Every structure is written in C-alpha cells, then in structure tokens.
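Colleague: dropping a prediction and its sequence here:
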Amino acid sequence: MKKAGEEDRERFEEALRKEAESKLSSFCRDCGIDKGGGTYLGDPAGMIGSIADDGGYDLVVMGARGLSYLQGIFIGSTTDTILRSSPCPVLIVH
C-alpha cells in the first residue's frame, strides 16, 4: 500500500517528465537535430557519462553554473564531475 501523498507525487513527477520530453522534442525539431534526446532518471553526472560513452558521442556540452563552492567556484558539481570523468571532450559554456 502506498503512503498518503505518494500517488500525488508520482502523478506530478510523470507530468513533469512528459512536459520535459515534449519540450525537448520540440527543441530538437526546431533546431534540426536528427538524434533527439530523452529524459532519464538517476544521478545526472553518472547518466550523462554513461549516455556519452554508450552513444559514441564526440562532445559533451555543459553549462557552467557556479553553484557548488566545494566542487568549484566557476562550474557546478555535475559539470565538474563530467569534466573529470567524461569519455569524450567536454565544452563548458558560461
């Protein structure tokens, strides 16, 4: 039996996922990107690295956010992790 509110949370997360997939699909179509992406659940750095490795990509493009002081003043912790572990070159856009 699910806890009170768990079903609401699951419905909310599913609605967010569907909206993200719709916007991503529109973005790819508008930009003429043939290989559309998808939405994934999990550790962002681990998922990005795994997808880049499995997909044989040539480049990972990440934004610099500067949100984590301990892992880097100028880039966020996910970007920092990808920068250090990516199977391919990483372009950081600030």
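Modeller: Now that the structure is in, tell me what you want to look at.
Colleague: host element of Ser25?
Modeller: Here Ser25 sits within helix 6-31, counting by DSSP states H and E.
Colleague: ok, then the element right after that helix?
Modeller: Next along from helix 6-31, by DSSP H and E: helix 44-55.
Colleague: what is that next one packed up against?
Modeller: Counting contacts by 3 or more C-beta pairs under 8 Å, 6 or more residues apart in numbering; DSSP states H and E, helix 44-55 packs against helix 77-85. C-beta coordinates here come from the backbone N, C-alpha and C atoms, glycine included.
Colleague: I'd like the next helix or strand past the helix it packs on.
Modeller: Past helix 77-85, the next helix or strand by DSSP H and E is strand 90-93.
Colleague: give me the contacts around that following strand.
Modeller: For strand 90-93, the external contacting residues (C-beta atoms under 8 Å, 6 or more residues apart in numbering) are 59-64, 75, 79, 82-83.
Colleague: among the residues you listed, name the least confidently predicted one.
Modeller: Among those, Ile75 has the lowest pLDDT, at 55.
Colleague: domain map for this protein?
Modeller: If you go by automatic domain parsing, the domain ranges for the chain are 1-39, 42-94.
Colleague: and those domains as CSV, adding mean neighbour count?
Modeller: Shown next, in CSV, are these (neighbours: other C-beta atoms under 10 Å):
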stretch, mean neighbour count
domain 1-39, 10
domain 42-94, 14
